[in-house]
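Asker: here's my sequence, what's the structure:
(2 chains)
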Amino acid sequence: MKRVRISQQEIVFAVFAALFLTFSVFLSGFLSADNMLTLLQNVAVLGILGLAMAIVVIGRGIDLSLIAALAVPGGLVLQMVQNGHSLPASLLAAGLLSIAIGLVNGWLIAYAEVPPLFATLATGLFVAGLGQAALFQLDVVQWSEGMAGFERLGQGSILGIPTSIVMFAIACVVVFILLRKTRWGAYIYAIGDNPFASRVTGIPSRPIIVLQYVLAALIGCFAGLVLAASVNSMPTRIFNSTLIYDVILVVVLGGIGLSGGRGGVVNVIIGTLLIGTMLNGMTILNIPYAGQNLIKGLVLLIAVITDTLLNPRNEETAQQGDI
Amino acid sequence: MRETLTRLRYRYWPDHLLGEILSKRWTETAIPVILLLIVGFALSRSLEHFLSASSLADTARQAGEIGFIGLGMALVVIVGGIDLSVGSIFALTDFCALYLLDVLNWPVPAVVVVTMIVGGLLGAVNGVLIGYLRLRAFITTLITLIIYRSAYDLLIQRYSNAIASAFPDIPSWDFIGGRSVFGIPSVALVYIVIAIFGHVFLTRLRPGWHITAIGGSRRSAYNSGIPVRRTIALCYVASGVLTSIGALFFAARLGTVGGDIGVGLEVIVLTATVLGGITLGGGKGSVVKSMVGVLVVLLVTNGLTAMNARGGVNRMALATILLAAAMVDIRWQKNRTRIISKVYVAPTYHALPPPPPTEIGSGGPFEQNDKLRDVSLIGLGRIEAPEDVILDRNDVLYAGSRHGDIIRFFPPDYERMEVFAHIGGQPLGMAFDKEDNLYVCIGGMGLYRITPDGTVEKATDETNRSIYSVNDDSRLRLADDLDITDDGLIFFSEATVRYEMDEWPVDGLEARGNGRIICYDTKTGTTHTALRGLKFPNGVAVASDGQSILFAETFGCSIKRYWFTGPKKGDVETVMDNLPGYPDNINLASDGNYWLALVGMRSPSLDLAWKMPGFRRRMAKRVPVDEWLFPNINTGCVVKFNEQGKILESFWDLKGLNHPMITSMREHRGYLYLGGIANNRIGRFKLDNADPDFVQYDKRWGKSS
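Answerer: You can find the predicted model right below:
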């Protein structure tokens, strides 16, 4: 007899659908087109970060430095423009900083063999500290004259769709092509599935791991620019928030297992939608921020428990030290 | 001149200690401790008031509070998990304590107990989810972190004013918060008590071993019957309780419920844990490591704050330390065995004069002959590795085998054989006592006794630990040969304390005095080390005066005599030195002289190499083990010598086809029985002019009826 297996992705999608239906029926104004766009707009940055995290998690890693990679290069652009540098030069500097963050992460993880959890925890801390100590004068880096025009990255709309959603869509397409249509993407899946086997097969696993983190940092920088453009400033204290946990939850709830090799862009979209729907519904219900977090946490917990009950971890193939 | 320098350098410089120290488990703790000392020293130089009493007490207070959380995190990491929710639990229990005290006006003991229970319950949520439902620790504690934090935020919105406006004036609460006993803050005292208990718990008690076992290999722990799920769940409960203790002290000290209490605490504690050297993924860690990690992190952050560094610099320093610690830890874990195997072998200077000639025609007592060519064989292909052979009063022949058995062959033709006893380790030297108990030295296990009905009993497997040795030398690694005195003292040799039995040639390569003579008293059951620093002591035989023993030093190429009682008690005299080969077992001959087996002959190359320790060290480091220069054990002979050190006769086998290797020989009723540790047979050689009624232990103990 064949057992019916429900994947986490399907559970999350079911929860999402249930929530969506409930809100549509009971909340007036939830299903309006405006609200839908607001919903997506609010989670666009989270979604872009989710894509960056997805690349790394598929390759059996994790990137806790993502928020720092969002805040610091983004803030650097604003700060440099404020100090009188030209926008392209500032963007270039931010890009180089992102690449440097990614390279350091990748080197530590691939070559020095530090567990990704620690390497990225430490680099994130370092980069945030660097921004705080050396780069920014204030915690919130302000928009300045030189940035004129750049706010269109996060504000306004293209063909009636808010730009940040378009940016999320573009990022989705790029990451999708990278993961599914290029050889590098296939390598990332192979490494995530079985790093030793892929190495034996001849895949250049170490350079590919470095590539993952560089890509993640660059996408993080992109998300930072979108965020800065949409709020006309860069709140660098965002590093202290629990945003990184939200990003991980988007990825994990979407069905990208932390053990790597599974999932894709679709999962990120589903995860983002679930979080977005919840946040939006609760905002309409006028639940305070802390209460929203509480409910969000409980829903996530239920989702993870359900997943474990339906798909128990296989003790035979579970890896030692797999936390 | 140069040779003298080499000799002195290798005599007095303890090369062997490096490898022994590195192979100790506490060296892993030494690295963070050294880091702590460096940080402490640097801060005391750069900060004026760093070492003042008030500053130290302040540090101790903070260290105590975070230290409790560190202990909980250590426990959870050792069991193979991670607890990210400690910061939120800290905030919630801090709130709980202050709410109970300030708003509900509960008495302090009740507040303490209930707060700890609340901490335990919050941890129990993690424990049930991760231990019983087997969720992933990382993602689960991430979610509980968010839930607890938002619960805290909701609670302080309602009660922060009530708590802030209350000023409890309760002496016991103040005592928890700020008082000191003999200058040590109360929190540090409690921390020390709990830390000592934690150390004993982890290293000496069964549940602590279970925790380490689960972290080391969850599946194996499950298969060996450890309650894996319950133990894991309880670790998270313990983490919650410990966090709540830290929060209690924090609450008593500051009495506030600010919005950012405990935010990012998990990062600090995690940094401290990894910095202390507690390996992520489980199975390794200790209380001391956790403590040292917390101290380093605190000293660095406090020191930077005191130097007016910006918050960002603080973070960068923390991150750099975390990375450096993780990298060192990982490199060390990965290469530890390789580094140790490279530095463990520590050859020393060992000079021997040119050996006496053995060539045919050269004359002398060692001149080769072919007397042993026609030995008859017993048990060919049916026995493996009979290092020693022995015969009892009834002419039954006993020999050890590689499989851990004592095999016996029955007279008259020694065709019928049976397993007399199974011990499990490789049996080496053997001897009978007056009651016909067979004492056997077992390589890797110790000294065992086999009663005539075949019951195996352990006589001893340990001796007194020497004070100055780094390796724990109380356990017997390689008990080799023995003899029993008339008073029931058993003297036996332990060939080396630095190597296992299968690595015995490496000890020859080292040529250091690593062996010892140990005495076991059958009357009192006590064991003590009689002589140490011997070069692979091997054969032992009681001398004719009953007050001394003769023993062979295999790589010293000498026979020595040691008086254990009588007027010359404690003296060691050389009976023979500069033997042409490596002496092995010694046994009594029918004419009152002694038989000695030479297991292999010296070679000019090794003799030369023994004078060149640096050469041998380079060889051990750079060349694979299979290619090392080892003592030759392919050819050997049996000689008869007397107590004056004169060689009376030698027996050789030029081709070595019939009976290739000789490690032992035993005379019995006119025959010489030969054993060899690499052989699959026992040799039997008819002696001319020997007493046809000689039975070794009849002669020693007197004939029994």
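Asker: make it CA atoms for all contacts and neighbour counts henceforth
Answerer: Will do.
Asker: residue contacts, residue B:549?
Answerer: Going by CA atoms under 8 Å, 6 or more residues apart in numbering or on different chains, residue B:549 touches B:491, B:540, B:541, B:542, B:543, B:561, B:562, B:563, B:564.
Asker: can you check the pLDDT for the nearest residue to it once chain neighbours are set aside?
Answerer: Excluding the flanking residues, the one nearest residue B:549 by CA to CA, 6 or more residues apart in numbering or on different chains is residue B:542, at 4.3 Å. With respect to pLDDT, residue B:542 scores 94.
Asker: residues near residue B:542, how many?
Answerer: 25 (other CA atoms under 10 Å in any protein chain shown).
Asker: go ahead and confirm it touches residue B:484.
Answerer: Yes. Residue B:542 is within contact range of residue B:484, at 7.0 Å (criterion: CA atoms under 8 Å).
Asker: show me the strands in the stretch 401-550 of chain B, by range?
Answerer: B:405-409, B:417-422, B:426-432, B:438-443, B:446-450, B:456-460, B:479-484, B:489-494, B:515-521, B:527-534, B:537-542, B:548-553 (DSSP state E, counting those that start in this stretch).
Asker: what's the third one packed up against?
Answerer: Contact here means 3 or more CA pairs under 8 Å, 6 or more residues apart in numbering or on different chains; DSSP states H and E; on that basis strand B:426-432 packs against strand B:389-391, strand B:397-400, strand B:405-409, strand B:438-443, strand B:479-484.
Asker: can you check the fourth one too?
Answerer: If contacts are counted by 3+ CA pairs under 8 Å, 6+ apart, strand B:438-443 sits against strand B:426-432, strand B:446-450, strand B:479-484.
Asker: any chance of the ones you listed in TSV, with distance to residue B:338 too?
Answerer: Converted to TSV, the helices and strands packed on strand B:438-443 look like this (distance: least, CA to CA, whole Å):
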stretch	distance to residue B:338
strand B:426-432	28
strand B:446-450	29
strand B:479-484	28
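Asker: ok, now which ones touch residue A:121?
Answerer: A:63, A:64, A:65, B:319.
Asker: chain A contacts on the stretch 301-450 of chain B?
Answerer: B:310-320, B:322-323, B:326-327, B:330-331 (CA under 8 Å from any CA of the partner chain).
Asker: residues making contact with the lowest-mean-pLDDT helix or strand in chain A?
Answerer: When each helix and strand of chain A is scored by mean pLDDT, DSSP states H and E, strand A:157-158 comes last, with a mean of 76. With contact meaning CA under 8 Å, 6+ apart, strand A:157-158 is reached by A:163, A:166.
Asker: which secondary structure elements does the helix or strand following it contact?
Answerer: Next helix or strand after strand A:157-158 toward the C-terminus (DSSP states H and E): strand A:161-162. In terms of contacts (3+ CA pairs under 8 Å, 6+ apart), strand A:161-162 is packed against helix A:33-58.
Asker: can you point out the buried residues in the helix it packs on?
Answerer: Neighbour counts over helix A:33-58 (16 or more other CA atoms under 10 Å in any protein chain shown) mark A:38-41, A:43-58 as buried.
Asker: now mean pLDDT too, for the helices and strands packed on strand B:426-432, in JSON lines please.
Answerer: Output for those, formatted as JSON lines (pLDDT from 0 to 100):
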{"stretch": "strand B:389-391", "mean pLDDT": "94"}
{"stretch": "strand B:397-400", "mean pLDDT": "94"}
{"stretch": "strand B:405-409", "mean pLDDT": "94"}
{"stretch": "strand B:438-443", "mean pLDDT": "94"}
{"stretch": "strand B:479-484", "mean pLDDT": "94"}
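Asker: which stretch among these comes nearest residue B:93?
Answerer: Residue B:93 lies closest, by CA to CA, to one member of these: strand B:438-443, at 57.2 Å.
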